[in-house]
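>>> Okay, structure incoming, though there's no sequence with it:
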Ligand SMILES: Nc1ncnc2c1ncn2[C@@H]1O[C@H](COP(=O)(O)OP(=O)(O)OP(=O)(O)O)[C@@H](O)[C@H]1O
């Protein structure tokens, strides 16, 4: 399966304008811009320490930016109070790096957790039905009574994804979705992400180091370099770029490619 081409609507679901963030003298974001349109998978590539996590944390206000603006579904989120922010967060699901399941809870209880914070999502359907439907969408209905310790790494990632999906977010932020998985399991997660894009029409912003993931999943790639959106394009376009900083990202991939022909 390959990434479905999105229909670019008029309004981006997320728009980041001129975002800045520093820690003392360390100016991490220096005017980052991004538009995320309905139905697309956008990958942000950046080397270690370039500010990818800072960017995604600002996007859900786990961290306050110093300047710029972040609009989600047409509204600036920077001035929102906690209640309004919680409502926005039901539209923006976040898949944490490493799954972050509660170890002392079963899969069912892990999935019930977000519903307790947002009971309105289960109204008229019922918690159990939503939990089952969400597990079904990741192919893990049978794991409902298991504990996280009984799951493989790939299953944990899928349960975490089901927990994110249960609130039916329009946008999913994936933080390194394939890190720590073997190549076969990583590919299963990538295929699942594509299936969700296809079947549920989700829109995704994906932070990754994994060039295979970026190649397969992305409709568009943005390179975060020196605190800005340094380069942008399809994976295929960027992989042919003459810019030395962009080429550095694709060097290993291109070498592998040339070695195999
Ligand atoms: N809470 C913080 N306090 C001080 N400095 C921070 C904080 N969070 C991040 N930084 C700094 O911001 C910079 C960017 O960090 P960030 O974690 O966003 O990088 P990254 O691109 O996600 O890296 P990686 O790919 O290794 O996860 C780093 O120099 C880091 O030390």
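Noted; the coordinates are in hand. Bear in mind that the values here come from a model prediction, so they are computed numbers and not experimental data.

>>> Closest approach to the ligand from the stretch 151-261 of the chain, which residue is it?
residue 209 (6.2 Å; Cβ to the nearest ligand atom). Bear in mind the C-beta positions are built from the backbone N, C-alpha and C, glycine included.

>>> and the longest helix anywhere in the chain, which residues are buried?
With secondary structure taken from DSSP state H, the chain has its longest helix at helix 183-200. Residues of helix 183-200 classed as buried: 185, 186, 187, 188, 189, 190, 192, 193, 194, 196, 197 (neighbour count, 16 or more other Cβ atoms under 10 Å).

>>> ok, is the helix or strand following it in contact with the ligand or not?
Using DSSP states H and E, the helix or strand that follows helix 183-200 in sequence is strand 203-207. No. On the criterion Cβ under 6 Å from any ligand atom, strand 203-207 is out of touch with the ligand, staying 6.9 Å away.

>>> Report all helices and strands that strand 203-207 contacts.
Counting contacts by 3 or more Cβ pairs under 8 Å, 6 or more residues apart in numbering; DSSP states H and E, strand 203-207 packs against strand 26-36, strand 41-45, helix 52-59, strand 171-175, helix 183-200, helix 211-217.

>>> worst average pLDDT in these?
Among those, helix 183-200 carries the lowest mean pLDDT, a mean of 89.

>>> what angle do that one and strand 41-45 make?
140 degrees (axes from the mean of the first three to the mean of the last three Cα atoms, to 10 degrees).

>>> Number of residues surrounding residue 23?
Neighbours of residue 23 under the rule other Cβ atoms under 10 Å: 10.

>>> Show the end-to-end separation of stretch 62-72, please.
Taking Cα to Cα, to the nearest Å, stretch 62-72 runs 15 Å from one end to the other.
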